[in-house]
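**Student:** Have a look at this prediction, sequence included:
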Amino acid sequence: METYYAVIFTSQRTDEDGEGYAKMAEVMDELAQKQPGFLRIESARNTEGKGITVSYWESLEAIQAWKENSKHLVAQQFGKEKWYKQYNVEICKVIKDYSFIM
């Protein structure tokens, strides 16, 4: 595979509006999959509300376009206002990958 990029989003959730958050997360996953340059996404969250989502993209331009998507901007604002105590975003260039499947 050619070089691609990973956006690593780690967060700590608030206790507020769990149902609204879950619905928005589902909508954002579906929307991201329709974005040009999207490759895949993986997410996990523990019982204390600590989560990680890693999305994979073909280019930095695709990542920027996703960041600026109007519906994604709305979700980002809700996140800042009520869903996250804190979050961190890291963008990494994947220079090598390999896997094992049994």
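**Tutor:** Thanks, I have it.

**Student:** This structure: helices as residue ranges?
**Tutor:** For the chain, the helices defined by DSSP state H cover 18-34, 60-67, 70-78.

**Student:** from those, which stretch is densest packed?
**Tutor:** Comparing these by mean neighbour count (mean count of other Cβ atoms under 10 Å), helix 60-67 comes out on top with a mean of 16. To be clear about C-beta, it is placed using only N, CA and C from the backbone, and glycine gets the same treatment.

**Student:** now that one, how far from the chain's geometric center?
**Tutor:** What separates the centre of helix 60-67 from the centre of its chain is 12 Å, taken as Cα atoms, centre = their mean, to the nearest Å.

**Student:** now swap in stretch 92-102 and tell me
**Tutor:** Centroid separation for stretch 92-102 versus its chain: 19 Å, with Cα atoms, centre = their mean.

**Student:** from now on call the first residue 563
**Tutor:** With 563 as the first residue, the last one maps to stretch 654-664.

**Student:** mind checking the end-to-end distance for that stretch?
**Tutor:** 28 Å (Cα to Cα, to the nearest Å).

**Student:** who touches that stretch?
**Tutor:** Here stretch 654-664 makes contact (Cβ atoms under 8 Å, 6 or more residues apart in numbering) with Met563, Thr565, Tyr566, Tyr567, Ala568, Val569, Ile570, Tyr618.

**Student:** How much space separates the fourth one from Arg602?
**Tutor:** Applying Cβ to Cβ, to the nearest Å, one obtains 12 Å for the distance of Tyr567 from Arg602.

**Student:** what do you get for the second one?
**Tutor:** Using Cβ to Cβ, one obtains 16 Å as the distance from Thr565 to Arg602.
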